[in-house]
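1. What shape does this take:
(chains A and B)
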Amino acid sequence: MNRELHIVGFQLGHETYGVPITSLHEIVRVPEITAVPDAPDYIEGVINLRGKIVSVIDLRKRFGQKKVARARRHRILVVEHKGRLSGLIVDSASEVLKIPEGDVEPAPQVFREGRLNCVTGLGKYKGRLIVLLDMAKLLEYSGPNQALADVEERQPATNARGAAAK
Amino acid sequence: MTQFSDERGAELRELFFETAQELLQSLNEEALKLEKHPGDAEIVRSIRRTVHTLKGDAAACGYRELSESAHELEDALAVETASSHTGLAEVAFTAADIFGSMLNAYRRRAKLPSAEPLRKMIQQLGKASSSEKGGKKKAAKTSAAKAEWTEYEKLEIQNALKQGKRVYHIKAEIDPRCAMPIAARQLLLNAVGAVGQVVAVRPETDSPANTDRLELLLASPLSMEKVTAKCRIPTVIARAGVEPIKGKVSKKSAASENKPKEPNGISSEPIPKNTFTSAAEEYESRENLHLGAVAENILRVDAERIDNVLNLVGELIIGKSMLQQAFQELTKHSPKESMRGRVADAMAFQSRVLNDLQRSVMKIRMVPVEQLFRRFPRMVRDVAKQGGKEVDLIISGQDTDLDKSLLDAIAEPLTHLVRNAVGHGIENAAERARLGKPTRGTIRLDAYHQGNQVIVEIKDDGSGIDSQKVKSKALEKKIVSVDEAERLSEANIIALVFRPGFSTADEITELAGRGVGLDVVQSVLHRLKGTVEIETHPGQGTTFRLKLPLTLAIIKALLFRVEGRLYAIPLNAVAEIARAKESDLHQVDNYEVLQLRNQVLPLVRLGRPSAQPAQAAGKIFVLVITVSESKLGLIVEALEGEEELVIKALDDQTVSTDLVSGASILGDGRVVLILNLPAIVERYANSRPGQIGAVASGILLSHADRSQTHRPVVEAQP
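-> Alright, predicted model coming up:
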């Protein structure tokens, strides 16, 4: 009973991440993105996916990495979670990986906090480490650390302009 | 196969809940009537009829407790028919409440509420009437028990025949594979009930007899073939035979002889002797109830299916604007193209048909507001009674149509407002007499169309809202500061009651006005892209006006740019579009204003403030919008024109913001965000720039923009 996990791998910086292939809807080039006011910082905006409005998350920002200029090879992974479509901006996406279940290790404790809380495990594939992501946590969870970081960032702006006061 | 019939069962129960709600509603209405005319035998009869129907339906769906309680009440009412009893209306109200909570419990599969209070009341009723009558009733019951079709039913058959209707004797066999024979039976009854009037059913609805055979008498204007077709329900009814009954009763009773004998006889409806005389008129009133359903041929359709059609219409409208855009480009590229005229004609035709299509689909979703209004008489009565007040409710405009989803959404706020009007608006009788008003207070509920909106009005002739009290309350609650309060206009002070936290339950009594949860009312209305207005005259009363859009699906919108991004607002909110130079704008008290003709218009800067003096001469557009009677100007950079937008919901979990009410896709595939104006106005009103020189602005900036802009803004402080 050595089952294999089918994973779609994508690059983000130097790392390779993976999401279960069952949650992938499609991969598209980055179209024009419409920014949404008041949205959390990692939400890049919304796109038109053949008549559907889909919100797009910048995974770099979601993981607290540096923003890079948009490049041609960038892609949007459209994933489906609980019937809802969401887009993830990644540096590039190409391969489908088959990782035996035995080669997956649980995520280290350090990953369970902070912006990387959506990591379910680390997969070993041909000497590489693949960071496996949990869709549910990635799309639904914005934990205390996340919220706190947002507040801290927003605080000075709020004082200065007061526009965000509610 | 079983799954299929399970589905049928669920559908059936859903149907039962719906009709049961309607029955309870009419029970309430009849009880109200009875309260006004105590001892009216006709009303008592009609209550009994309602309870009887409820009993039957509940038994068919297997809800025994409800059916039993209804049965008890029905019996008590039969005893009561001759002698009027003042407490009867009260019993009916209690019954409606208890039945209602039982229904809820069934629906949620929760624990059933106790029917004990009702039982007690019924027993008291029973005591009040003489035991002799009870005996009579029993006698009547047993004597009628042996008849095949009761006298009453025979009379109805004759009546129907006299009126030129056909009467059919339907024999149906329920499919042995059907998992829910009781439900199947109800399904058949509903099916034939939709085309005519079911005069009699054998075995009786509540009899424990074997139920795989079913016979009924149906009076219907339809032909035999059509009735037969109605009876054929696959997987539920195995065989159905329909034969018409003609002419005299004698012949008909002969026809009924060849039907199988019931194992334990037939328990007929306990009909007291005195109702026989009025059987004909009872029949007439029943017929009136049913005739509407027969004539109009109503379909019950799942709302989701209509929504799907509406979505497709939406896609078509996007397609239409794609075509138009392509056509415009074509015109630009080759202005001499000879086919242009024909294409333009075809497009004009298509868009006309599309408009009609959109309107027709929208009309399917429309329901009269009566569905909502009819629940209020009972509520007003109860609340008035609690508060020891006398209140009349006058309802008008109940035929006004409104989108079903809108109607459902405003149910709660409207209930709230009506309750408030009775509870806090209308004074008690003594107070009213002292003020020289009629002792009975009046609440008017009205609905009407105005332009592209539907307006629902709740008007009371009570004490009105005291602006001084509102002001002092607002100060006490620290909703406004002292100097702010000084500057507020009368209307603005009244509008404070909509602020969250303005009033809580324990303060209602101190305060002459209202304010309990009015912020909830307002937020619901905003969510629906509607508004709520108050008009109040101290001592004369208060009017709440809910303004709602006709539909939630498609709007005419004005498109404009802020910070290079495209946004849209509903066109009907735009009063005018003004052009101005940056240098025309003035700053008053941290707010930017524009003098427009003789008015000073407060401005909302959606984008970044223009810091560079070089831009001061630049031209800008100001969209003058009216939201809840306040006028505001939105500063935008460029206008993009007008377009019909199909509203698509934004993914509310990840990009939730109250500033944007939805998004739409343009003909060229671009996404445009539709702004939620009330939220923007609110955001603007609540923003209090602390520092001098820092104007309120940048509402539409995204998070990323903020972090870029915030430094220059901070530096700009003195």
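
2. What score does the closest residue to B:R119 other than its chain neighbours have for pLDDT?
-> Nearest residue to B:R119 in three dimensions, chain neighbours excluded: B:E72, at 6.7 Å (Cβ to Cβ, 6 or more residues apart in numbering or on different chains). Yep, even glycine has a C-beta here, placed from its N, CA and C like the rest. For B:E72, the model assigns a pLDDT of 79.

3. got a list of what B:E72 touches?
-> Neighbour list for B:E72: B:L118, B:R119, B:I122 [criterion: Cβ atoms under 8 Å, 6 or more residues apart in numbering or on different chains].

4. Columns pLDDT, secondary structure and neighbour count on top of those residues, output as JSON lines?
-> Shown next, in JSON lines, are those (pLDDT from 0 to 100; DSSP: H, G, I helix; E, B strand; the rest coil; neighbours: other Cβ atoms under 10 Å in any protein chain shown):
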{"residue": "B:L118", "pLDDT": "75", "secondary structure": "helix", "neighbour count": "23"}
{"residue": "B:R119", "pLDDT": "75", "secondary structure": "helix", "neighbour count": "16"}
{"residue": "B:I122", "pLDDT": "72", "secondary structure": "helix", "neighbour count": "23"}
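
5. any idea how far B:K111 is from the residue nearest to B:R119?
-> Distance of B:E72 to B:K111, given as Cβ to Cβ, to the nearest Å: 20 Å.

6. Next: B:L24.
-> Distance of B:L24 to B:K111, computed by Cβ to Cβ: 20 Å.

7. Between these two, which is the more surrounded one?
-> Ranked by neighbour count (other Cβ atoms under 10 Å in any protein chain shown), B:L24 and B:K111 place B:L24 first, with 20 against 7.

8. Next, that one: phi, psi?
-> Note on B:L24: backbone dihedrals following degrees, to the nearest 10 are phi -60, psi -40.

9. Phi and psi next, for the residue at minimal distance from the centre of chain A.
-> Chain A has A:L59 as the residue nearest its centroid, 3.9 Å off, counting by Cα atoms, centre = their mean. Main-chain dihedrals, A:L59, degrees, to the nearest 10: phi -70, psi -30.

10. Give me the three-state assignment for the closest residue to it other than its chain neighbours.
-> Nearest residue to A:L59, sequence neighbours excluded (Cβ to Cβ, 6+ apart): A:L88, at 5.2 Å. At A:L88 the chain is in strand, as set by DSSP: H, G, I helix; E, B strand; the rest coil.

11. What residue in chain A comes nearest to chain B?
-> The minimum distance from chain A to chain B, using Cβ to the nearest Cβ, falls at A:D38 (3.7 Å).

12. That residue against B:L673, yeah?
-> No: with contact defined as Cβ atoms under 8 Å, A:D38 and B:L673 do not form a contacting pair (10.8 Å).

13. tell me, what's touching the two both at once?
-> Common neighbours of A:D38 and B:L673 (criterion: Cβ under 8 Å, 6+ apart): B:V660.

14. Looking at these two, which has the bigger crowd around it?
-> Per other Cβ under 10 Å, whichever of A:D38 and B:L673 has more neighbours is B:L673, with 26 against 20.

15. next structured bit after whichever strand or helix holds B:R342?
-> Following DSSP states H and E, one finds B:R342 within helix B:340-364. Scanning forward in sequence from helix B:340-364 by DSSP H and E, the next helix or strand is strand B:366-368.

16. Where does pLDDT dip in chain A?
-> Low-confidence segments of chain A (pLDDT under 70): A:1-2, A:110-116, A:140-166.

17. for it, what spans make up the helices?
-> Assigned by DSSP state H, chain A shows helices spanning A:59-62, A:135-140, A:144-161.

18. Same question for the second one: list its buried residues.
-> To tie it back to what came earlier, the one meant is helix A:135-140. By neighbour count on 16 or more other Cβ atoms under 10 Å in any protein chain shown, the buried set for helix A:135-140 is A:M135, A:L138, A:L139.

19. quick revisit: hang on, the residue nearest to the centre of chain A packs against A:L12?
-> Yes: A:L59 sits in contact with A:L12 when judged by Cβ under 8 Å, with a separation of 5.6 Å.

20. Overlap in contacts, those two.
-> Here A:L59 and A:L12 have A:V90 as joint contacts, going by Cβ under 8 Å, 6+ apart.

21. for the helix holding B:R342, which positions count as buried?
-> B:S351, B:L354, B:Q358, B:V361, B:M362.

22. For the third one, list the residues it contacts.
-> Applying Cβ under 8 Å, 6+ apart, one finds that B:Q358 lies in contact with B:V313, B:I317, B:I554.

23. among the residues you listed, who's most crowded?
-> Compared across those, B:I317 has the highest neighbour count, 23 neighbours, by other Cβ under 10 Å.

24. name the element it belongs to?
-> helix B:303-333.

25. tilt between that helix and helix B:340-364?
-> 160 degrees (axes from the mean of the first three to the mean of the last three Cα atoms, to 10 degrees).

26. and helix B:303-333, what does it pack onto?
-> Secondary-structure packing of helix B:303-333 (3 or more Cβ pairs under 8 Å, 6 or more residues apart in numbering or on different chains; DSSP states H and E): helix B:340-364, strand B:638-646.

27. how many other residues sit next to the residue found closest to B:V482 once you drop the neighbours it is linked to in the chain?
-> Using Cβ to Cβ, 6+ apart and skipping residues adjacent in sequence, the residue nearest B:V482 is B:L475, 6.5 Å away. By other Cβ under 10 Å, the residues close to B:L475 number 15.

28. you'd agree B:L475 is in a strand?
-> No: counting by three-state DSSP, B:L475 falls outside a strand, being helix.

29. sorry, back to before: residues contacting the residue nearest to the centre of chain A?
-> For A:L59, the contacting residues are A:L12, A:Y17, A:Y42, A:L88, A:I89, A:V90, by Cβ under 8 Å, 6+ apart.

30. Would you mind giving the domain segments of chain B?
-> Here the domain parsing of chain B from automatic domain parsing is B:2-144, B:151-260+B:271-295, B:303-365, B:368-549, B:554-715.

31. Just send those domains back as a markdown table, with distance to A:V78 too.
-> Shown next, in a markdown table, are those (distance: least, Cβ to Cβ, whole Å):
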| stretch | distance to A:V78 |
| --- | --- |
| domain B:2-144 | 33 |
| domain B:151-260+B:271-295 | 41 |
| domain B:303-365 | 19 |
| domain B:368-549 | 28 |
| domain B:554-715 | 12 |
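
32. and these, which one's lowest on average pLDDT?
-> Here the domains of chain B differ in mean pLDDT, and the lowest is domain B:151-260+B:271-295 at a mean of 62.

33. quick one: B:A240 is in a strand?
-> Yes: assignment of B:A240 by three-state DSSP places it within a strand.

34. Report the beta-bridge partners for it.
-> B:A240 forms beta bridges with B:A172, as assigned by DSSP bridges.

35. cool, and A:L12?
-> On the basis of DSSP bridges, A:L12 is bridged to A:E15.

36. if I look at B:V627, how far off is B:A96?
-> 41 Å.

37. ugh, wrong one, I meant B:N572
-> From B:N572 across to B:A96, the span is 41 Å (Cβ to Cβ).

38. Just give the closest residue to residue 13, not the sequence neighbours.
-> Using chain A. Spatial nearest neighbour of A:G13, excluding adjacent residues (Cβ to Cβ, 6+ apart): A:Q65 at 5.9 Å.

39. right idea, wrong chain: chain B
-> The shortest distance from B:R13 to any residue other than its chain neighbours is 5.6 Å, reached at B:C61 (Cβ to Cβ, 6+ apart).
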